[in-house]
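**Student:** Dropping a prediction and its sequence here:
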Amino acid sequence: MHFWGLVKGTALAALLAMSLPFDAAAEAEPSVSILMYHHVSESTPRSTTVSPDELRAHLQYLADNDFTVIDIRDAIAGVKGEAELPDKAVVLTFDDAYENIFSAGRPILQEFEVPWTLFVTTDPIGERPGRYMSWDQVRQLHDEGVTIANHTTDHAHMPRRGEDETDAEWRQRAAENILQAEQKILDEVGVSHQLFAFPYGEYDNVLLELVEELGFTGFAQHSGGFGPASDMRAIPRFAAAGVYADLSSLGTKMAALAFPIKEVRYEDTLLTHDQTRPTLEIEFEVRDFRTSQVTCFISNRPHDIEWLDDNTMRVQAEDDLSFGRSRYNCTAPSISKPGRYYWYSQQWIRMNEEGSWPG
Ligand SMILES: [Zn+2]
């Protein structure tokens, strides 16, 4: 009897060991989708704009499809394992503090009672009435519960070195830019959350180190689920404006999952003129997706993947990347959550001969 009990217990344990890690891991893997907006308007440049009707449609979709909109700081705590995350967690962020976010976006966001974050570029605030908010408006948003965060003083292309500038001088200028914007927000609004969004989502290895050294959490503008494997210095955000405002594709992004990843390997995100086809290697923690179903897109075209071993893939563009920003996007369908996709994106910036790139 005792013997049988042991055998049965062992068999049960073995069965649990086979089934539990998979399902439990799939359930427990924290994941958040962060959406990025700029203008809320009928008249500003389409590529960075949603109309008030589109914003309302996005919020209605989130409400109708069991999403939970959470504050950005709760998302970070959840991904770090310090707090519980809802299953379909979404964060809303607005960059640049345009006046239309206050006048056209805010009433809709209030109607749906959702938390949101404003990444403020500090120099234009109050200097260009009608186009940018005033500090009074930013303070009012803070009083209403909006998280006020840092988007530099001047919206610079941060990886660009100035003429006759040494690397050390450039790095110092970047540090001062971040710290001065943070100080200005502290002086005007009274908060310092140390949340920083790179203008244009542009960064390189040195800037990633700098953000960490200064004690900030960094946000970028490439797509992907935000999870424990994400780089906390360049957290992905899905663009939700312009051509990306269409809910047929944005809905999938809202439900995106963060790939479980052991390691990502690449040389640098900033590419010289001669570095035309960067190599990306990802060592996955393979669970809840099949490696055979991983698909990578480069310049919106599916791309061949080389598997170095069972868990590690390598991908490299077949054609030269164009100057400026481009991305490798990799996705795989979830096994346990039908219709949802794991999503990882790697951004590159390729410089032209002058060390610059298109805006
Ligand atoms: Zn911006």
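**Tutor:** Structure's in. What do you need?

**Student:** Which residues are in contact with the residue in the stretch 151-300 of the chain that the ion sits nearest to?
**Tutor:** As assessed by CB to the ion, the ion sits closest to residue 199 within the stretch 151-300 of the chain, at 4.9 Å. (C-beta placed from N, C-alpha, C; glycine too.) Going by CB atoms under 8 Å, 6 or more residues apart in numbering, residue 199 touches 121, 151, 152, 155, 156, 157, 158.

**Student:** Can you get me a residue count around the second one?
**Tutor:** By the other CB atoms under 10 Å criterion, the neighbourhood of residue 151 contains 25 residues.

**Student:** Now it. Nearest residue, chain neighbours left out?
**Tutor:** Once flanking residues are discounted, residue 151 sits nearest to residue 119: 3.8 Å by CB to CB, 6 or more residues apart in numbering.

**Student:** Packing partners of the helix or strand harbouring that neighbour?
**Tutor:** Assignment of secondary structure by DSSP states H and E places residue 119 within strand 117-120. Judged by 3 or more CB pairs under 8 Å, 6 or more residues apart in numbering; DSSP states H and E, strand 117-120 is in contact with strand 89-95, helix 135-143, strand 147-150, strand 195-197.

**Student:** nearest to residue 333, of the ones you listed?
**Tutor:** Among these, strand 89-95 comes nearest to residue 333, with 19.4 Å by CB to CB.

**Student:** Which residues does the closest one contact?
**Tutor:** Contacts for strand 89-95 (CB under 8 Å, 6+ apart): 31-38, 40, 62, 67-72, 75, 78, 101, 105, 109, 114-119, 121, 151, 197, 219, 226, 237, 254.

**Student:** Kindly report the same for stretch 51-71.
**Tutor:** Contacts for stretch 51-71 (CB under 8 Å, 6+ apart): 32, 35, 37, 40-42, 50, 78, 85-92, 104-105, 108-109, 111-112, 114-117, 147, 240, 245, 247, 250-251, 254-255.

**Student:** could you redo the last one with a cut-off of 7 Å?
**Tutor:** Outside stretch 51-71, the residues that touch it by CB atoms under 7 Å, 6 or more residues apart in numbering are 40, 42, 86, 88-92, 104-105, 108, 112, 114-115, 147, 240, 245, 247, 250-251, 254.

**Student:** Looking at those residues, which are in strands?
**Tutor:** Judged by DSSP state E, the subset of those located in strands is 40, 89, 90, 91, 92, 147.

**Student:** Closest one to residue 302 out of those, please.
**Tutor:** For these, the nearest to residue 302 is residue 90 (26.9 Å; CB to CB).

**Student:** Leaving out chain neighbours, which residue sits closest to residue 180?
**Tutor:** Here the nearest residue to residue 180 in space, its sequence neighbours aside, is residue 153; by CB to CB, 6+ apart that works out to 5.3 Å.

**Student:** from the contacts of residue 199, which are also near the ion?
**Tutor:** Taking CB under 5 Å from the ion as the test, the ion is in contact with none of those.

**Student:** May I ask which of these has the most neighbours?
**Tutor:** Going by other CB under 10 Å, residue 151 tops the contacts of residue 199 with 25 neighbours.

**Student:** can you tell me which residues contact that residue?
**Tutor:** Contact analysis of residue 151 by CB under 7 Å, 6+ apart lists 95, 96, 119, 120, 121, 197, 199.

**Student:** hmm, 10 Å instead?
**Tutor:** Applying CB atoms under 10 Å, 6 or more residues apart in numbering, one finds that residue 151 lies in contact with 93-97, 118-122, 178, 181, 185, 195-199, 219.

**Student:** Ok, residue 40 next?
**Tutor:** 49-52, 54-56, 94, 98-109, 241 are the contacts of residue 40 under CB under 10 Å, 6+ apart.

**Student:** among these, which are in helices?
**Tutor:** Using DSSP state H to define helices, the subset of these located there is 52, 54, 55, 56, 99, 100, 106, 107, 108, 109.

**Student:** Neighbouring strands of the strand holding residue 119 in the sheet, and parallel or not?
**Tutor:** strand 89-95 (parallel), strand 147-150 (parallel) (DSSP bridges).

**Student:** how about the residues of this structure that lie near the ion?
**Tutor:** When proximity is defined by CB under 5 Å from the ion, the chain lies next to the ion at 95, 96, 199.

**Student:** Rebuild these as JSON lines, extending it with distance to residue 259 and pLDDT.
**Tutor:** Output for those, formatted as JSON lines (distance: CB to CB, whole Å; pLDDT from 0 to 100):
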{"residue": "95", "distance to residue 259": "25", "pLDDT": "97"}
{"residue": "96", "distance to residue 259": "29", "pLDDT": "95"}
{"residue": "199", "distance to residue 259": "26", "pLDDT": "97"}
